[in-house]
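1. I need the structure of the sequence given here:
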Amino acid sequence: MMRWVAFGAMVALAGACASLDPGPPAPQRDPPTDHAEPPSVVSRPAPACPETPGAAWPGAAPGPAGLVRAVRGIRGEAGHLAQTLHDGRQLRLRFLGAHVFDLLDKVWHEGGSTEARRRRLICAVLNDAAARGVAVLRVWGTLKRTGSSEEIARAGQMLALVLDENARRSHPLRFIVPLLNHQAGYGAPDPSVSLDDQPAASPWHARALYLRSTWRQPGIGQLSERLASYRRIPAIAGSRYVLAWELVNELDTFRHLGGGSFAGSEATQLRDHFIVPALTELATRFPQPIAIGDLRGNLGGYERFATTTIAALPELVRARLLWTSHVYAERGKPPSQFMSKLGVDLAMTRRLGMPFLLGELGEHVPGAEARFCAQAPRHDVAALLAAVRGRGVEAAVFWGEGRCGLEVEAATGWRVNLGAGADSAEVGTDDDATHRLLGDTRRRWAGAR
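-> From the prediction side, this is the model:
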């Protein structure tokens, strides 16, 4: 999550612009897939520290049957996510997850030089999440600074270690893994700025990546190279605990992609040169559900762009597509004021029978000072959580529970700051009322164990 400009009013499209947007191409034919097969016999070594099961779900069935799957809805109902457990039970995945977006970077830079110590850090993070009632974690699939093949190799090593350590648990967590981050703060050659503000000549600049297909360029740590690299790592490619792969966190069209209109030639290029081929490549390399990520621009052209993009996808992609959105409200205002886009997304997923994920849900406090791992403003999210659940959302990830001073090793005083931001959506470690509410909400949403 990065603070962003709210969706504007409905945009009327001029005839000249419309003439540049001929509509979606015909759906592509299904390309051949190259999926890793999860092991049919699962050995489970002991985790790096004693397990705290918390509210996490039991382990999945071995082999391909244990992969998370997207289930289509019928008769105007949205789809949902489901998984077969090790004992044959069918679990519908209802959850309010949490973020540890910088986990891979923390394990690489602060986990020490040995695999044993890195596993110890991962184990502590998993235990902490499970104890808070978390069943699903969203973690960025890169290190903080990207832009090289070496970073891809290191991030892949760390992601494989996280997934392998998690798979050793009797109650493993499930993971949502974004592969690119459009916003500032993480996952670019200059992580201090967004893709919009990378150097204009850089293949990491938003226009180059989305409109000129530099996401395919080798040797610069870009998306296609990352997909190929991660496909070669069995612990990643065949993981039964990757709930979904997400192309981009908060793909913002306002500045460099048609001025946020979702119409005209640049919207067509975004769809045909990036979203459709990149989602297709993702679907051919990995068997888990996939998502585009939250798309940002003016609401007026959004639904048409979304539906024509979905229509242009091969069926093998549509069959595993998980639609996503983000919602941030302001404390003291009715949550409904911040749910216009959510309403469009939910109506579309019901019409098309797709599963839906609210990938980020949080509350900003107007006028609050942004500080990293310092006293945070108090929140009042009960109405927001109730409003989202009341609209039928059953899969969401709450933003703002950074773990400041999380204890890894009591004997040595080893602690880590993880998933903590510096904005008013951050929930303070001492905000006991909000943490209790989130724990209670998670238990209500989680479904059968």
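2. all contacts plus neighbour counts: C-alpha atoms, from now on.
-> Noted.
3. Contacts for the helix ranked longest in the chain, please.
-> In the chain, taking DSSP state H as the definition, the longest helix is helix 149-167. With contact meaning C-alpha atoms under 8 Å, 6 or more residues apart in numbering, helix 149-167 is reached by 44, 47-48, 59, 104-105, 107-108, 119, 122-123, 126, 141-143, 145-146, 172-173, 219-221, 225-226, 229-230, 233, 235-236, 239, 241.
4. Where does residue 389 sit: helix, strand or coil?
-> At residue 389 the chain is in helix, as set by DSSP: H, G, I helix; E, B strand; the rest coil.
5. Work out for me the element residue 346 sits within.
-> Counting by DSSP states H and E, the element that carries residue 346 is helix 340-352.
6. mind listing what the helix or strand following that helix pairs with, with the direction of each?
-> Toward the C-terminus, helix 340-352 is succeeded by strand 356-364 as the next helix or strand (DSSP H and E). Paired strands of strand 356-364, with direction, are strand 323-330 (parallel), strand 395-398 (parallel) (DSSP bridges).
7. Please tabulate those strands in a markdown table, including the columns distance to residue 248.
-> Formatted as a markdown table, the strands paired with strand 356-364 follow (distance: least, C-alpha to C-alpha, whole Å):
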| stretch | distance to residue 248 |
| --- | --- |
| strand 323-330 | 11 |
| strand 395-398 | 16 |
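8. For residue 63, find the nearest of those strands.
-> Between residue 63 and these, the tightest spacing by C-alpha to C-alpha is seen for strand 395-398, at 24.6 Å.
9. what distance separates that closest one from the middle of the whole chain?
-> With C-alpha atoms, centre = their mean, to the nearest Å as the basis, strand 395-398 stands 10 Å off its chain's centre.
10. Mind listing residues that contact the following helix or strand past that strand?
-> Counting by DSSP H and E, the element after strand 395-398 in chain order, helix or strand, is strand 403-409. Under the criterion C-alpha under 8 Å, 6+ apart, residues 120-121, 124-125, 373, 413-420, 429 lie in contact with strand 403-409.
11. Quick check: buried residues in strand 403-409?
-> Using 16 or more other C-alpha atoms under 10 Å as the test for burial, strand 403-409 gives 403-404, 406-408.
12. Output whatever helix or strand comes next after it as PDB, restricted to C-alpha atoms.
-> Using DSSP H and E, the helix or strand that follows strand 403-409 towards the C-terminus is strand 414-418. The C-alpha coordinates for strand 414-418 follow below in PDB (Å, rounded to 0.1, in the frame of the first residue of the first chain):
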ATOM      1  CA  TRP A 414      17.300 -11.000  18.500                       C
ATOM      2  CA  ARG A 415      14.400  -8.900  17.200                       C
ATOM      3  CA  VAL A 416      13.200  -7.800  13.900                       C
ATOM      4  CA  ASN A 417      11.000  -5.000  12.500                       C
ATOM      5  CA  LEU A 418       8.800  -6.500   9.800                       C
END
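13. Neighbouring strands - and their directions - for strand 414-418?
-> Applying DSSP bridges, strand 414-418 is found paired with strand 403-409 (antiparallel).
14. Could I get the CA-only coordinates of the strand it pairs with as CSV?
-> Extracted C-alpha coordinates of strand 403-409, given in CSV (Å, rounded to 0.1, in the frame of the first residue of the first chain):
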residue,chain,number,x,y,z
ARG,A,403,5.6,-6.2,13.7
CYS,A,404,8.0,-3.8,15.5
GLY,A,405,10.5,-5.5,17.7
LEU,A,406,9.2,-9.0,16.9
GLU,A,407,11.2,-11.5,19.1
VAL,A,408,13.1,-14.1,17.2
GLU,A,409,15.5,-15.4,19.8
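15. now it: mean pLDDT?
-> Average pLDDT, strand 403-409: 95.
16. can you pull the contacts of the nearest residue to residue 248 once chain neighbours are set aside?
-> Closest residue to residue 248 apart from its sequence neighbours, by C-alpha to C-alpha, 6 or more residues apart in numbering: residue 180 at 4.5 Å. Residues near residue 180 by C-alpha under 8 Å, 6+ apart: 140-142, 187, 223, 247-249.
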